[in-house]
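J.: A predicted structure for the sequence below; I have some questions about it.
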Amino acid sequence: MIKVFQGLLPREEKDLHILAGILQKVYVFSLMWSIGAFLETADRLKFEQYLRTKKDFDLDLPVTEDPNDTIFDFIVDSSGEWKHWKYLVPEFIYNPSNGTEYISILVPNIDNVRTDFLINTIAKQGDPVLLLGEPGTAKTMMLKAYTSNLNPENHLSKTVNFSSATTPLQFQ
């Protein structure tokens, strides 16, 4: 939680004035994506319900207009307001003439935009990032996309694929 929280705090002294207004929202976002990140969807709903009904906390949670939205569908933007992730998903235009292999295309959606943001938030502090999740959820593709944007003079990456049959001895 601390790494997400620290990664969201302003780095420049000139930006510290906005800190007081967004501190609680940044705390809530960090709580969501530390404790809440490990929860399955049904448990995330229970976690959100707990945060919303626990009056002792008096948290500034995002207002969800769509009944299908949860607090996990929102980010604290640079102005300190809750913003839905859907507004941060860039438009994707496929160009078959650029030679990109179909298997390596990562179409932007809320999940991978959010994951990329969280990877960057932690990695920019020089801390390691570990992605966990179900098979086929684009974890490897997202990390490859992230590392492809890093300066190869300063960063080295190695991909090691595991399966349910991988044993510790095989990895060593």
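T.: Perfect, thanks for sending it. Residues are numbered from 1 along each chain as shown.

J.: The closest residue in space to Asp77 that isn't next to it in sequence: neighbour count?
T.: Ranked by Cβ to Cβ, 6 or more residues apart in numbering and with sequence neighbours excluded, the top spatial neighbour of Asp77 is Lys83, at 4.3 Å. C-beta coordinates here come from the backbone N, C-alpha and C atoms, glycine included. As a burial measure, Lys83 scores 15 neighbours (other Cβ atoms under 10 Å).

J.: Now do the SS call for Lys83.
T.: Going by DSSP: H, G, I helix; E, B strand; the rest coil, the secondary structure assigned to Lys83 is strand.

J.: Let me see the contact set for it.
T.: When contacts are counted by Cβ atoms under 8 Å, 6 or more residues apart in numbering, Lys83 touches Phe74, Ile75, Val76, Asp77.

J.: mind putting the residues you listed in JSON lines, neighbour count and secondary structure included?
T.: Output for these, formatted as JSON lines (neighbours: other Cβ atoms under 10 Å; DSSP: H, G, I helix; E, B strand; the rest coil):
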{"residue": "Phe74", "neighbour count": "23", "secondary structure": "strand"}
{"residue": "Ile75", "neighbour count": "22", "secondary structure": "strand"}
{"residue": "Val76", "neighbour count": "21", "secondary structure": "strand"}
{"residue": "Asp77", "neighbour count": "13", "secondary structure": "coil"}
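
J.: Arg114 contacts Trp85, doesn't it?
T.: Yes. With contact defined as Cβ atoms under 8 Å, Arg114 reaches Trp85; the gap is 5.3 Å.

J.: so which of the contacts of Lys83 comes closest to Phe92?
T.: Each of these was checked against Phe92 using Cβ to Cβ; the closest is Ile75, at 19.6 Å.

J.: Which residues are in contact with that closest one?
T.: With contacts defined as Cβ under 8 Å, 6+ apart, the neighbours of Ile75 are Phe29, Trp82, Lys83, Trp85, Leu88, Arg114, Phe117.

J.: which non-adjacent residue is nearest the fifth one?
T.: With Cβ to Cβ, 6+ apart as the criterion, Leu88 has its nearest non-adjacent residue at 5.4 Å, and that residue is Val113.

J.: if we can go back for a sec, neighbour-wise, which of the contacts of Ile75 leads?
T.: Phe29 (24 neighbours).
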